[in-house]
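Student: just need the structure, nothing else, for what follows:
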Amino acid sequence: MVTPAAKRKAVAHLRDAFGMSERRACKAIGCCRMTMRYQTTRADDAGLRQRMRAIAQERRRFGYRRLHVLLKREGYVINHKKLFRLYREEKLAVRRRGGRKRAIGTRAPMLVPMMPNDPLVARLCVGSADLRPPLPCPRRGRRLHPRVPGAGDRHLALGYPGCAGAGPADD
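Tutor: Next up is the predicted model:
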């Protein structure tokens, strides 16, 4: 029993079941007698809760901070901590966006190499060096793609003028 409401309930049970006095029941449970007699002075927040729910339904992506701004504009004077407590009690939360869109249908069949070290298949392999970003060429702002293993100097045969190795393939 941690909450005062639970203690009140336990004292009421002891009084009803065993005919104990309030004083003895409180002493048995180990709580103060003033806990039993306390009357809350908290104002009723029904109107505020209702307006919070209405705004949260209308603006699904607004959290409690944005709700606080909107409620302040409407004339409600409320502490942000109290607003957060009410927000949690009403089980309001920012609605999550939809998940990632995935491809529907069948995948394209994987390419089979026609000969050993086929550059087309090597380029499409997941661990291939060709998936790395192009390297900058030192002259004229051109870019060279990294070599594909087993492709010889075909990557340099693209004819970038002025770059080392540019020209016909040696294979």
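
Student: which residues does His68 contact?
Tutor: Ile78, His80, Leu83 (Cβ atoms under 8 Å, 6 or more residues apart in numbering). For glycine as for every other residue, the C-beta is placed from the backbone atoms N, C-alpha and C.

Student: wait, isn't the second one in contact with Arg66?
Tutor: No. Counting by Cβ atoms under 8 Å, His80 does not reach Arg66; the two are 11.5 Å apart.

Student: the longest helix seen in the chain - contacts with which helices or strands?
Tutor: In the chain, taking DSSP state H as the definition, the longest helix is helix 4-18. Judged by 3 or more Cβ pairs under 8 Å, 6 or more residues apart in numbering; DSSP states H and E, the packing partners of helix 4-18 are helix 22-29, helix 33-37.

Student: could you single out the most deeply buried of those?
Tutor: The highest average neighbour count among these, using mean count of other Cβ atoms under 10 Å, belongs to helix 22-29 at a mean of 16.

Student: what sits up against that helix?
Tutor: Applying Cβ under 8 Å, 6+ apart, the contact partners of helix 22-29 are Met1, Lys7, Ala10, Val11, Leu14, Arg15, Met20, Cys32, Arg33, Thr35, Met36.

Student: which residues of the protein fall in helices?
Tutor: Under DSSP H, the chain gives helices at 4-18, 22-29, 33-37, 46-58, 64-73, 80-89, 119-124.

Student: how's the chain carved up into domains?
Tutor: Per automatic domain parsing, the domain ranges recorded for the chain read 4-37, 46-89, 124-158.

Student: redo the helices and strands packed on helix 4-18 as JSON lines? Include distance to Arg102 and mean pLDDT.
Tutor: What follows is those, written out as JSON lines (distance: least, Cβ to Cβ, whole Å; pLDDT from 0 to 100):
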{"stretch": "helix 22-29", "distance to Arg102": "57", "mean pLDDT": "94"}
{"stretch": "helix 33-37", "distance to Arg102": "56", "mean pLDDT": "90"}
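
Student: in this protein, which ranges drop under the pLDDT threshold?
Tutor: 1, 113, 118-171 (pLDDT under 70).

Student: repeat the analysis, applying 50 as the threshold.
Tutor: Along the chain, segments meeting pLDDT under 50 span 128-130, 154-157, 159-160, 162-163, 165-166, 169-171.
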